[in-house]
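[1] build the 3D model from these lines:
(chains A and B)
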Amino acid sequence: MSTNEDKANIDNATNTNTDTGISISNNNKTVKKLLLVVVAMFGFGFALVPLYDVFCDITGLNGKTNDTAVAYTASSVDESRTVRVQFITRNAKGIPWKFEPVINEIDVHPGEMKLVSFYAKNNASHDIIGQAVPSVSPGLAANYFHKIECFCFTQQPLAAGTDVEMSLQFYVDLELPADIKTLTLSYTLYDITEKSS
Amino acid sequence: MTTNVIEQDSHDEHHDEHSHKMTGVKRWLYTTNHKDIGTLYLWFAFIMFLTGGALAMVIRAELFQPGLQLVEPDFFNQLTTVHGLVMVFGAIMPAFTGFANWMLPMMLGAPDMALPRMNNWSFWILPFAFAILLGSFFMESGAPNFGWTFYAPLSTTYSNGSTAFFVFAVHIMGISSIMGAINIVVTIMNMRAPGMTYMKMPLFVWTFFITAYLLIAVMPVLAGVVTMLLTDTYFGTSFFDAAGGGDPVMFQHIFWFFGHPEVYIMILPAFGIVSTIIPAFSRKKLFGYSSMVYATSSIALLSFIVWAHHMFTTGMPLFGELFFMYCTMLIAVPTGVKVFNWVATMWRGSLSFETPMLFSIAFVILFTIGGFSGLMLAMTPVDFQYHDTYFVVAHFHYVLVTGSLFSIYAGAYFWLPKWTGHMYNDSLSKWHFWCSLISVNLLFFPMHFLGLAGMPRRIPDYALQFADFNKWVSIGGFAFGLSQLIFLAVVIKCIRGGEKAPAKPWDGAIGLEWTVASPAPYHTFSTPPPQEDIDNADQHEH
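    Take a look at the predicted model:
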């Protein structure tokens, strides 16, 4: 191996190539910038979580309804229009409750306040805390479905063998797009005993 | 590093060509040489390819006829999951990193990669990642069984207990890829020989440059999403758990924000390889070099705004579906530019059909088929029909097997003389090509029909009307698997001996790597190449 090559090898090994003027500090600068991008993108992955919520909130995507009570603000009742609201319930894995709507569907006029109720019974031999998570379909209608009072705003503790009738008070917004004639409100019931204890 | 250099220096007196001091295992464990590391990456990728292939053989054996014959459904799910993970993260990506390590410094006229010690580390953590992943097969929980896309809640609430192993394996793979990508970017930005401007770089270098940026941008997002998965499964968070206020659909958004650029990470380097080979055997300059650079960049940029086309059936609003549909179709434009340029490069060239060229031409045709089925899937209304069927399986195997893998074979044959100093066995390589070509189409083409007829993916058993096609697909699968052993034989024969390769075995090839001897000396371009060589390596038409 020639002396010339040896010299360049040493230069390379210490990241200083004298011929090309590449120095270790140059590399370090680029590496630091790139690492910054890596960290930023890792953060961006997590930032997507609140961003997603905000995005869904604004656009009403994903069928998420309001999770705290809103006041009744409709100025009138639009009796020329009728919207059918359907209720469905579903138990998530491992919660042995009987959980169902008392009435399966109801016709409402936009702006009209309605009160319906859901029945739940804890069939297990131990106490369970349940949490119902609502979702509206079609998703775009979620922003026009307002809950004044809902059992889903709070957790539902039920002692073994007991039952309860839970109420939901809601109205449909006057601005509901005209092409939406049926709304489906779906509740999924989760066992959150472990998480809340 | 300094002590290493001094030791190396003193050893050089009684070593000649190969001036490294280590022998045996230590040479490979401690190496910081880009060629050694490139070799390690390529062998690792090939071993993983055979491993993932073995899993696929079991899958195809089970699907040879309807009914459950060989494996339990749960184990079948483990097979499809690990097959996908191993092929994506263990075979295709490390193979491309191997090409980058071997070729980038030589193509740029640089003495080595910019960060040689990190290079060593980024390779050597990979075997541990795959030991964890594959080791989970032998644990009580079994291997991951939730699909390579690990959708929540399959991988959280309904996990078989393998989620932690999966997450840690993916973390390590991610760290390895990020380090590899940083090394590539720094090398390209800082180590180019004087006179090698960005627009004089071979297109091969450009595609790896852009791919490395994609990796740096999205691998951290993957690391983030698997971390959320880990805390959801084991630490009681609720990122993807509706009971705690999370959202399982959000998992898909974050995953595919990584996942879509990821598929370009696996195809852009393939574009670079065939853009090197097609001009060489057409004895013409690459048609439209600059447009290739811009097309590659546009594909990379567009890849960030199309992710939800994987999620058309999740109940997106119409506007979202239209947006993602049109953006996805837009990608066909720069991709079409590329295919046009490859064909235009061959147009009126004096073509010869050496094995690298055969694989490249097969790449252009078969990748285009995969692109067309991609366009069909991009259309929202029909995607509702094709979603999660074998049509999707056919689509992504056309782009990944006859696309990425064929380009890797093309590149391997093209540079094997440079790597080993010997010509490969020509007739054996032709056998490899023709057997692969016929069997791969028998393997994947009927899957289109199966998918259109409604056969879902990821099932161990199927309805009787799918039996005939599945039989042929399985036969194609076994034949394709066996054909790859021919490649192993070619490579081993080529390393052991064969016709001596000249410095430039392909008369139409251009590039700095052909100005050094074959096999490439352990250290190349310790002094930068002369400007004349750089100008000769320019891929622009003049």
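[2] what are the ranges of the helices in the stretch 201-350 of chain B?
    B:203-234, B:248-265, B:268-282, B:289-302, B:318-330, B:332-346 (DSSP state H, counting those that start in this stretch).
[3] where does chain A dip in pLDDT?
    Within chain A, the segments meeting pLDDT under 70 span A:1-23, A:59-62, A:197.
[4] residue contacts, the closest residue to chain B within it?
    Going by Cβ to the nearest Cβ, chain B is nearest to residue A:45 of chain A, at 2.7 Å. All C-beta atoms are positioned from the backbone trio N, CA, C, and that covers glycine. Contacts were defined as Cβ atoms under 8 Å, 6 or more residues apart in numbering or on different chains; by that measure residue A:45 touches B:220, B:221, B:222, B:223, B:224, B:225, B:228, B:254, B:257.
[5] for residue 192, which non-adjacent residue is spatially closest?
    No chain was given, so I picked chain A. residue A:131 (4.6 Å; Cβ to Cβ, 6 or more residues apart in numbering or on different chains).
[6] my bad, chain B
    Using Cβ to Cβ, 6+ apart, the closest residue to residue B:192 is residue B:108 (4.8 Å).
[7] contact residues of the stretch 51-200 of chain B facing chain A?
    B:111-112, B:114-116, B:157-158, B:178, B:182, B:185-186, B:189-191, B:193-194 (Cβ under 8 Å from any Cβ of the partner chain).
[8] in helices only, show me those residues.
    Those of those mapping onto helices are B:116, B:178, B:182, B:185, B:186, B:189, B:190, per DSSP state H.
[9] how many residues are close by residue B:37?
    Neighbour count of residue B:37, defined by other Cβ atoms under 10 Å in any protein chain shown: 27.
[10] did I read that right, it in a helix?
    Yes. Counting by DSSP: H, G, I helix; E, B strand; the rest coil, residue B:37 falls inside a helix.
[11] past the longest helix anywhere in chain A, which element shows up next along the chain?
    In terms of residue count, the longest helix belonging to chain A (DSSP H) is helix A:24-59. Where DSSP states H and E defines the elements, the next helix or strand beyond helix A:24-59 is strand A:83-91.
[12] circling back to that earlier point, please list which of the contacts of residue A:45 are also close to chain A.
    B:220, B:221, B:222, B:223, B:224, B:225, B:228, B:254, B:257.
[13] picking that back up, list the contacts for the residue nearest to residue B:192?
    B:187, B:188, B:191, B:192, B:193, B:196, B:201, B:205, B:512.
[14] and the helices of the stretch 201-350 of chain B, which is most packed in?
    Each of the helices of the stretch 201-350 of chain B was scored by mean neighbour count; the highest is helix B:268-282, a mean of 27, by mean count of other Cβ atoms under 10 Å in any protein chain shown.
[15] rewinding a little: roughly how far does the residue of chain A closest to chain B sit from residue B:226?
    Distance, residue A:45 to residue B:226, using Cβ to Cβ, to the nearest Å: 10 Å.
[16] now swap in residue A:132 and tell me
    30 Å.
[17] rewinding a little: neighbour-wise, which of the residues of the stretch 51-200 of chain B next to chain A leads?
    Busiest of those [other Cβ under 10 Å] is residue B:114, holding 29 neighbours.
[18] is that one in contact with residue B:190, as I believe?
    Yes. Residue B:114 lies in contact with residue B:190 (Cβ atoms under 8 Å); the separation is 5.6 Å.
[19] how about the secondary structure of residue B:406?
    helix.
[20] the nearest residue to it once chain neighbours are set aside in helix, strand or coil?
    Once flanking residues are discounted, residue B:406 sits nearest to residue B:363: 4.6 Å by Cβ to Cβ, 6+ apart. Using three-state DSSP, the structure places residue B:363 in helix.
[21] the residue nearest to residue A:192 touches residue A:193, doesn't it?
    No. Using Cβ under 8 Å, residue A:131 makes no contact with residue A:193, being 9.8 Å away.
[22] more neighbours: the two, which one.
    residue A:131 (23 against 17).
[23] what about that one, which SS state?
    With three-state DSSP as the basis, the three-state label of residue A:131 is strand.
[24] that one bridge partners, please.
    Counting by DSSP bridges, residue A:131 forms beta bridges with residue A:190.
[25] can you list contacts of stretch B:403-412?
    By Cβ under 8 Å, 6+ apart, stretch B:403-412 touches B:42, B:45, B:49, B:91-92, B:95-96, B:99, B:266-267, B:269-271, B:273-274, B:276-277, B:355-357, B:359-360, B:362-363, B:366-367, B:370, B:432-433, B:436, B:487, B:491.
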